[in-house]
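Student: Prediction below, plus the sequence it came from.
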Amino acid sequence: MNASTTGCRPRRRARVRSRLSALVLTTLVLGGGTVLGLSAAGGTYALLSDRATVPGATITAGRADLQVNGAASAGLGTWDLTPATPRAKSFTVSNTDDVPLQVSARAIVTSATAIAANTRARLTPVPSGSACTTGLSGALGALSGYAVAPLETIAAGATRTYCLELVLLPSTPVGQSGQGVSFTLTLDGTQVGG
């Protein structure tokens, strides 16, 4: 061993300790940031454990039932559409039971025709069937996958009228003339309140 190598060891050790200290400090700072991030995310980390006994309690479930045009399901007939002539048809939805229901709607295209990609839909609550016309307010959406959630709440025993509008895009190719599109519009009701 010569004097030049023994004098370097303490300096190397000091550099290694300095780098380790910086690494540990960085790790602590990053770890602390992660903990702060989790605690700032909200109350999804709570663990709740409790038990309660309610003697003599009675639980009663309400009934929920929707009817379309007075039946469990209803057809709306054929739609003669062109890009220049959208069409609208009205139908009623009745909440025939004893709980208010928040209604949502979703459409599923059941035919594999090219024209389906050019068909748009809009579902709007209206005061009566005579108020169902084309060009109502609200956004048009692609018929395939069209959804409105929530649409509105229907009180127990109440009936509401809706207008379903179908539109073909102006850019619909002439080659799709004569094609049809089949779809199902499903209305779901979810109980509101307790």
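Tutor: In hand now; what should we look at?

Student: Please count neighbours and contacts with C-alpha atoms only from this point.
Tutor: OK.

Student: any low-confidence regions in the protein?
Tutor: 1-63, 194 (pLDDT under 70).

Student: Break it down into its domains, please.
Tutor: 3-40, 66-191 (automatic domain parsing).

Student: Need the winner for burial among those.
Tutor: Compared across the domains of the chain, domain 66-191 shows the largest average neighbour count, a mean of 16 (mean count of other Cα atoms under 10 Å).

Student: For Leu76, see how far away the residue lying closest to Thr82 once chain neighbours are set aside is.
Tutor: Spatial nearest neighbour of Thr82, chain neighbours left out: Leu168 (6.1 Å); criterion: Cα to Cα, 6 or more residues apart in numbering. Going from Leu168 to Leu76 by Cα to Cα, to the nearest Å gives 18 Å.

Student: ok, now Ser111?
Tutor: Following Cα to Cα, the distance that separates Ser111 from Leu76 is 16 Å.

Student: can you check Ser144 too?
Tutor: The value you get for Ser144 to Leu76, if Cα to Cα is used, is 17 Å.

Student: what's the answer for Thr85, then?
Tutor: For Thr85, the distance to Leu76 - Cα to Cα - is 17 Å.

Student: try Gly138
Tutor: 21 Å.

Student: Helices of the chain, start to end?
Tutor: For the chain, applying DSSP state H gives helices covering 3-40.

Student: so what's the nearest residue to Gln176 once chain neighbours are set aside up against?
Tutor: Nearest non-adjacent residue to Gln176, counting by Cα to Cα, 6+ apart: Ile115, 5.9 Å away. Applying Cα atoms under 8 Å, 6 or more residues apart in numbering to Ile115 gives the contacts Thr172, Gln176, Gln179, Gly180, Val181.

Student: Am I right that the second one is in contact with Ala114?
Tutor: Yes: here Gln176 reaches Ala114: they are 7.0 Å apart, a contact under Cα atoms under 8 Å.

Student: Kindly state the beta-bridge partners for the closest residue to Pro150 other than its chain neighbours.
Tutor: Once flanking residues are discounted, Pro150 sits nearest to Ser104: 4.7 Å by Cα to Cα, 6+ apart. Beta bridges link Ser104 to Asp188, judged by DSSP bridges.

Student: Return the distance of Val93 relative to Leu168.
Tutor: 26 Å.

Student: And Trp79, by the same measure?
Tutor: Trp79 is 11 Å from Leu168, by Cα to Cα.

Student: One more: Gly135?
Tutor: In terms of Cα to Cα, Gly135 sits 13 Å off from Leu168.

Student: Gln67 now?
Tutor: For Gln67 relative to Leu168 (Cα to Cα), the value is 29 Å.

Student: Same check on Gly145?
Tutor: 16 Å.
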